[in-house]
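Asker: What follows is a predicted structure for the sequence shown.
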Amino acid sequence: MNFMNPSIFLAAAVGRRTIGLLVAGLFASPVFAQAAKVERHLVPTVNVTDLGTGRPILLRWRDSSDGASTLQVTTRTVPTLLENGLDLKEDAEAVLAKTPRPPLERFWTIQGRIRATEDSSMPQAQWRVLDGAARLFMLEPTGIPEAKVEDPDGDPPRKSATDKAEKNTGRTTGTGSGVQSTSAPNAGAIERARAFARVQDNAISRTAGAAISQTFSGYGLIPTSIQIRLETASPRNMYEVERLTSILRLAEPLIPNQPIGIGASWTSRWTNLEQRTPVETVMTWTLASVDEAALEATGIAETAVLTLRYTRRIAEGLDEPVAPRIAELLESNGSGEVRLVLQNPMHLDAQLVQMPPPSDPARRGATDVTRMRVITRE
């Protein structure tokens, strides 16, 4: 396997069609009629917009077929009401009652490597999800009773005598919230937040065992080529794995095939299916630094640091309208930093911050801020 010449992979990728994002037959939706708008068989074009300054440096992926990577992927979504300094310790019930969603952290551990295929010009990157979890952020795990909520993938809760008594008296038996009467305006906010976190934790834990594969080109991992295979196929499981792959796409940079200087910028765009909806991503990377040897001697980078900006929007010209709720989930602006180890394209180290588009009228007053981190553990 040789990653030395990106043009070889580009020519091969144009002539091949990869399997779609979703498992065939898992969903039945009119939105699939729009899948033709997704160019899943093409390597996105990389356009250098600024050559930078100083000595030209070549960014080039090396052969790493024997190298495995274990990554920790985390995402933390916190409403701006909390990001802006409100302290949950003062009045957690009141603060949580005003937030559209509780502050939540999600975690995945994944392991992957690049493997050769029958077509030596198109190796495959293969990831496996080892485990996943979710928890509330900024809340102490004190004595809130288990909330009775319905897990959409599980059995409905059964009513108990205690449940009926609480319903009749309008009081709960919890001791951790400091709010006993459910008639108060903010009562139950912490219980609802913890219930939400338990459902999320249960759903994300079920992603363990999922397999994710991508085609590799000389420019990098092709973001539109992701395939997902699930041990237990369900819409909810697929939703949570797609949440993970959307982070991976942002943390996996494409690199130009020409020498560039520090400060150089390049862009790429692609459209992929997320939640059965075509989403266009526009990425801009800027070369912030490289290893000292590349600057002083070799001219070929071993490591590099890139800053990035991106936008994600529902693709235009769809045959079916997209519900505002879906657009709210999928559209965003983001920025961040990614560190490359060019010996191993699957050695990822990225920090990203994402927010809804500022022009989104549905998010006025309370906006979610999502912070994502991808760290290579070994």
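Answerer: Thanks, I have it.

Asker: low pLDDT regions in the chain?
Answerer: 1-41, 63-67, 81, 83-92, 100, 139-187, 359-366 (pLDDT under 70).

Asker: can you map out the helices along it?
Answerer: 6-14, 80-83, 92-98, 161-169, 189-205, 235-251, 292-293, 324-330 (DSSP state H).

Asker: And those: which comes nearest residue 107?
Answerer: Closest approach to residue 107 among these (Cβ to Cβ): helix 189-205, 7.7 Å. In short, each C-beta sits where N, CA and C put it, glycine included.

Asker: between the closest one and helix 235-251, how many degrees?
Answerer: If you take axes from the mean of the first three to the mean of the last three Cα atoms, to 10 degrees, helix 189-205 sits at 80 degrees to helix 235-251.

Asker: before we move on, back to that, any chance of TSV for the helices of the chain, columns mean neighbour count?
Answerer: Below are these laid out as TSV (neighbours: other Cβ atoms under 10 Å):
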stretch	mean neighbour count
helix 6-14	17
helix 80-83	16
helix 92-98	19
helix 161-169	11
helix 189-205	20
helix 235-251	20
helix 292-293	12
helix 324-330	15
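
Asker: Between those, which one is closest to residue 127.
Answerer: helix 235-251 (7.6 Å).

Asker: if we can go back for a sec, any chance of the helices of the chain in JSON lines, plus distance to residue 276?
Answerer: Formatted as JSON lines, these follow (distance: least, Cβ to Cβ, whole Å):
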{"stretch": "helix 6-14", "distance to residue 276": "24"}
{"stretch": "helix 80-83", "distance to residue 276": "29"}
{"stretch": "helix 92-98", "distance to residue 276": "31"}
{"stretch": "helix 161-169", "distance to residue 276": "36"}
{"stretch": "helix 189-205", "distance to residue 276": "18"}
{"stretch": "helix 235-251", "distance to residue 276": "9"}
{"stretch": "helix 292-293", "distance to residue 276": "47"}
{"stretch": "helix 324-330", "distance to residue 276": "9"}
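
Asker: Looking at the ones you listed, spot the one closest to residue 303.
Answerer: When these are ranked by proximity to residue 303 (Cβ to Cβ), helix 292-293 comes first, at 9.5 Å.

Asker: Outside of the closest one itself, list whatever touches it.
Answerer: residue 302 (Cβ atoms under 8 Å, 6 or more residues apart in numbering).

Asker: the strands in the stretch 251-378 of the chain, which residues?
Answerer: 260-262, 265-274, 277-290, 303-314, 332-341, 348-355, 368-376 (DSSP state E, counting those that start in this stretch).

Asker: These: which one's closest to residue 245?
Answerer: strand 265-274 (8.4 Å).

Asker: Nearest to residue 213, out of the helices of the chain?
Answerer: Of the helices of the chain, nearest to residue 213 by Cβ to Cβ is helix 235-251, at 10.6 Å.
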